[in-house]
Every structure is written in C-alpha cells, then in structure tokens.
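# No sequence on hand, only this structure:
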C-alpha cells in the first residue's frame, strides 16, 4: 500500500471526538459494531503513521470508482496455497513415474517384496519372490541379447522405406514431366510443402502436448500421492454439513500401525522395502465399516497391538469403540474391523418379533433373531440344549436382551417356562399365562421360592434321566433374572441350611451346579442373568457351566474374563471397552450358538430392543398358540387329591368316543401340572386298572365314554359296599 491513498472508513459525526484511525482488524471490528453511535461515510486523506512496529494485520480498503475494495491477504495466501498444492501434486505424479520407471529398470518391486518377506519371516513368500526375480532377470538378459539384432532390423526397415519413398517420388516426377502436366520439380515441391506443414503443426502443437503431460502428471499424483496437511484444501461446514468419512487406505492403516508406540513394529515397518504394504490383506467392505487382515512381522506380538487399541483408533481417525481387533487362527496376525465414523451410534431396526406378521420358532432347529453383528448382518442364536449366562452393569439392557430370547422361544408351544425375576419391576409380567411359575420380587422370600423352583428343575431332570431309553420330553427353561440375589441371599430354611452362598451346602448353588452338569441331556435348561460379575455373586463353577456366555458393558478386563472366559478375551472380546449408557443392548458373546467368522472366538451383537408394551403384544401372540397355562407364583400349596378317572370322564363330555390323543390334550388343559407329562401309556394304565381300556374305532385308538362311566359306577358301588362293611 502506498503512503498516500484515500481511505473510506466510518467516521463519527463529531469530528473533534473522532479517535485516531487504527486500521487493525480489532479496531475495524469495533468501529463496525457500535450500535448507538451515529455514523456517516467520509473520505479521509492523509498518511498512516505509527510510532511502533506493526504487529497487527492491516486490512487496507481502497476507493475505486466510489466502491471500497478491501485487499485481503487471506485470499492471496489461499491462492498461493492452491497453486502450491497443485504444483506438489504434479511433482508427486512425476516422482511416481520416475519411481515406477526405476523399479522397472532395477527390479525394485521384487527387491522390496523380498525384504518384506524376510522381515515378516514368511519363507514361502521369500522363496516365491526370489524365484520370480530370477525369472525376470533371465528374461531381461534375453531381451538385451536380442537388442542388436532388433536395432539392425529397424535400421534396415527405415533405410528401405526411405529408399522406396525416393524412388516413388522420382518415378512420379518422370511421369508428370512426360505427360507435360507440370514441370519435373513440381512433385518435389509438393513433397517439401507437406513436410513443412507437418513441421509447422508440430511447432504449434508442443504447448498443448506439454499441457497434456502436466494434466497426466497431476492425475498420477492425485491417485498415488498424498497432499501435505499444511497444503490441504480447507473444509467448509455449515448447517446440515456432514464431513466426508475418513477413507481407509493401505497407507493409512500401515501408518496407523507404525505410530501406535510399539517399537519392534515400527522398526520392522521401516526395514520393509515396501514400507509395510506386504503386511496387509485386501481391505473390503464389512457392514457399516471395512475389514482388513494384518500379518504382523517377526518379533512382534498380537497382544501388544491389542493393548494399543485406543491409539490405533485415533490414528485411523476413529473413536476407540469404532475399531475392533480380533485374532484369527493364523499365527501372528490380527483382523481389524474399522467402523464408518458415527455408524455404531445409529440405532438398528426393530426386532422381527415386533415387525414380523408371523413368527415361527423351533427350539431344536431354529435361531432366535437377536440383532445385528458389526457388519450389519442379521444374527441369530441357537438355544437348543444350551445353558445361558448374561451379565453386565446395571441398566445396560441385560433384561431386555434376555427377554427377547425368551419371547421368541415362547412361540414354540412345546417349550415350558419357569421364571424368577428377583428384581420385581414387572419386566417379566407379560409371561403370565405362558410360564408355569412366575416369581417377581427382590426379597429373601422370593429368593427362597426361586431356589425351590430351581430344585424342582433338578427333580424333573432326575426323573427324566431315570425314564426308559428313547423317551421324549418337552424342553423346560428355568430362568432366573438378577441371579446374584440367589448367591448372596443370607436367609436359611427351617433346617438352618442357607439358600445363598457358594459353599457345598448352599441350596441355590448346588441346584444350579446339578442342572449344569446333566440338565441339557434331557432338555432341562438354566438361563441366568446377573449384574457386575464377581467371585462372590457368580462363582466360577457356575459361570463355567454355561454354554452361551454373554456380556454387556462391564467395568474391568477381569470382569470381562469372568463373564466370557479367558479364551474369548485373549481372542479380542472386550466388553469392558463398551461405553456405559451409550452402548446399551450391545453384547459380546463367546459365540456358542452363533456362526462365528473363521478363527474368531467371540462376536459382538447389537441386540434389538423390545420395550415392555411391545413385549406384552408379542407375548399375547405367543399365548394364542398355546393351550393355556395356569401361572403360579411359586408359593407352595397343599397337595390336592386328583382323581384321574373322574377327570377323564369330565373331559369326554357328551361325546361317545374321543381319540386318546385328544383326551391327553384336554387333560393337560384341565390340569397342566398333573397331566402335562402324561403319555399314552399313563392314560392306558389308568383305564386298564378301571376296566375301561381304550379300543380301536375306524383304525384309531379311542376312549369309550360308556365304559368310563360304567367303571366310575362300579368303583363307587364298590366303595359303598366297603363303607357298609
């Protein structure tokens, strides 16, 4: 800016009160934002003097044809940065071409791969690349030996072509001169003019060719180079602006691994000729993220990489919960799953139990629709003959996750439920009419009833184990939510035996252990949900007895090991890294009953959430498929005398003959506790003893009403005679 120019600034009406003009950004903002001062435009001519070194950025404004033009150094800097950025891109393109040309001349690709194989300790790859390099060297030597002959052939071709062209022009000149169409030299003049035209076109075309080469170099640099951060184009935001996700490229992954603070890995990557590219497998899309296998170089260990998960995630431009590290079967390798930024914070869709019009469940062959894995694929879990344990911190979705499995299984009418909710918050009230026993409450009395319910399961298991070979039984699910209450209950029974505890005389502990030992063989299955696992509220023998082990967010790695076992945690399972109150409903399971990816020992599932009103609606649809179940609260009742023959007569009604299978169904509906386990042999035994044995009618076995009534009369008459005597 010159020393004398006309400057246009807002000036107060009272010139005497006008402050000295300061053209710094701060002063300019102050003058523009004074609301109460009357301001008018004025032209001030003079010199800008300063008795101190200029430390503030000046924004001069020059009047051009009555319009104030502000000179902005920022724009000049931005323009300069843009030019520099594209210049660097062109340079990177030339550099890429030179590197590729040099690699072609010196077998650089083969040498880098050989060094990478040596650093990784991969002998097969080392032998393969050494053999490839040998073949390439031999082929190049053969081509070089052929070059002299090729050059001679090219020279012969050019000489013959030139001689032929001269002969053709001479002959054409003779013909033209002989026919007196033109002079002898006219043809040679035409040939010279054509040559001059070609040279003129080349003279004016070389700038376009130069520009084309620059554009090609820019495209090469754009594809293979990386713009320095200080030259990167500024990102613009605003309302509704969403930043583009950080792309995961091989160079980004290798750089992120190099900079996690693991010295042996960093040294190994530097020693690799390809800068670590040989470590990576193919980066492929996996659900709402990408997945890549990494073969770690010799001298490094997988657990050291796992310990630095947070640093690795930050190097990849992700949060810690958006990067998962698992260890496949291949030695000294890890699998990285990298989520798209923010993808795991988006909710998943509703459960098929809620959205589906018709739900089909099969305890033996089906899979409960539980949620989605990290790849976004629907994930089901098989519950057939598998004891289940689910644990986690309070209020993280444990009950909802467990309830979703039970709701699906309720659509199989063969499955029987006995449920104890030791929290008592009506989380399981919708199972009234589905469960044979439903205990709800947190007191010691509720724990005592839950213990007796589990002990009933032990007796049922033992009865089934003693049944004849080949007997079939309906599955029984014994479910205890907040099971830590059972282990920590201080109450004792009338014989001074404790309900809780972890000793050999603890009723709850002993009962759960017995079911874990043999229950699955006869489909007596125990499900438990518990909070914050410790050795006191979840003994090791109990948690090790569960086939399906599930954990929501927990506090420490030691609790993760209690919940899932050492194998799952060492393989990458990390429920202690789930975010409390944010990752609600996200579970990590040891994989039993699910289809695990090859080499993995655990899987993370984002479960569907079914709230209480939706759960009640789903349970109502499940009840419609059942014959009706009388639900008790587990309070012991006095034994009531049951007369099977009278009950049979009652269910026959006015029908003269009823199929035996239908009689069994009616008896179950009349008194589920008494007749649910009945088979044809039990019915036949009672009728045979009464003299009213079933008979065949139209090829099927039926119960004759007249025979049953006659048997009742004879029994009553016999009873009366005994009374008279």
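Cool, the structure landed. As the structure is a prediction and not an experimental result, all values here were calculated from the model.

# Give the residue spans of the stretch 501-650 of the chain that score low on pLDDT.
Within the stretch 501-650 of the chain, the stretches falling below the threshold (pLDDT under 70) are 598-599, 636-641.

# and what of the chain?
When the per-residue scores of the chain are filtered using pLDDT under 70, the ranges that remain are 1-74, 119-122, 175-188, 223-246, 273-274, 598-599, 636-641, 673, 677, 717-725.

# so who does the spatially most central residue of the chain touch?
For the chain, the residue lying nearest the average C-alpha position, counting by C-alpha atoms, centre = their mean, turns out to be residue 374 (0.9 Å). Taking C-beta atoms under 8 Å, 6 or more residues apart in numbering as the contact definition, residue 374 lies against 286-289, 324, 337, 339, 344, 604, 606. Where you see a C-beta, it was placed from the backbone N, CA and C, and this is true even at glycine.

# quick check, nearest of the residues you listed to residue 430?
When those are compared for distance to residue 430 (C-beta to C-beta), residue 606 comes out closest, at 23.2 Å.

# So the closest one: helix, strand or coil?
Following DSSP: H, G, I helix; E, B strand; the rest coil, residue 606 is assigned to strand.

# May I have the beta-bridge partners of residue 604?
The residues listed as beta-bridge partners of residue 604 by DSSP bridges are residue 588.

# Could you tell me how many residues sit around it?
23 (other C-beta atoms under 10 Å).

# Pretty sure it sits against residue 588.
Yes - Residue 604 lies in contact with residue 588 (C-beta atoms under 8 Å); the separation is 5.1 Å.

# Overlap of the contact sets of those two?
residue 573.

# Looking at this protein, which helix is longest?
Ordering each helix of the chain by length in residues (DSSP state H) puts helix 123-178 first.

# What is the subsequent helix or strand relative to that one?
helix 186-224 (DSSP states H and E).

# and the angle from that following helix to helix 123-178?
Comparing the axes of helix 186-224 and helix 123-178 via axes from the mean of the first three to the mean of the last three C-alpha atoms, to 10 degrees yields an angle of 160 degrees.

# ok, then the element right after helix 186-224?
On the C-terminal side of helix 186-224, the nearest following helix or strand under DSSP H and E is helix 250-258.

# Can you give the distance from whichever helix or strand comes after that next one to the centre of its chain?
Tracing the chain past helix 250-258, the next element assigned as helix or strand by DSSP H and E is helix 263-271. Mean-position distance between helix 263-271 and its chain equals 30 Å (C-alpha atoms, centre = their mean, to the nearest Å).

# Would you mark the buried spots in helix 263-271?
When neighbours are counted by 16 or more other C-beta atoms under 10 Å, the buried residues of helix 263-271 are found to be 265-266, 268-269.

# Just flag the most distant two among the residues you listed.
So, those by C-beta to C-beta: farthest apart are 266 and 268, at 7.3 Å.

# domains in the chain, as residue ranges please.
For the chain, whose domains are defined here by automatic domain parsing, the residue ranges read 4-71, 109-224, 250-345, 386-622, 644-724.

# In TSV, list those along with distance to residue 370.
Shown next, in TSV, are the domains of the chain (distance: least, C-beta to C-beta, whole Å):
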stretch	distance to residue 370
domain 4-71	58
domain 109-224	39
domain 250-345	16
domain 386-622	5
domain 644-724	29
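
# Nearest approach to residue 360 belongs to which of those domains?
For those, distance to residue 360 was read as C-beta to C-beta. The smallest value, 6.7 Å, belongs to domain 386-622.

# what about the closest one, how long is it end to end?
End-to-end distance of domain 386-622 (C-alpha to C-alpha, to the nearest Å): 22 Å.

# Stretch 542-550 now?
With C-alpha to C-alpha as the measure, stretch 542-550 spans 14 Å from end to end.

# which residues sit against it?
Outside stretch 542-550, the residues within contact range by C-beta under 8 Å, 6+ apart are 381, 383, 386-391, 401, 487, 509, 512-513, 516-517, 520, 526, 528, 533, 562-565, 568, 587-590, 592-593.

# list the buried ones in that stretch?
Taking 16+ other C-beta under 10 Å as the neighbour-count basis, stretch 542-550 is seen to contain the buried residues 542-543, 545-550.

# just stretch 521-541 next, same as before
Here stretch 521-541 shows 522-533, 537-539 as buried, counting by 16+ other C-beta under 10 Å.

# From the contact counts, what lies against the longest helix of the chain?
Helix 123-178 sits against helix 108-120, helix 186-224, with contacts defined as 3 or more C-beta pairs under 8 Å, 6 or more residues apart in numbering; DSSP states H and E.

# ok, back up a step: right, and the domains of the chain - which one's nearest residue 362?
With respect to residue 362, and counting by C-beta to C-beta, the nearest of the domains of the chain is domain 386-622 at 6.0 Å.
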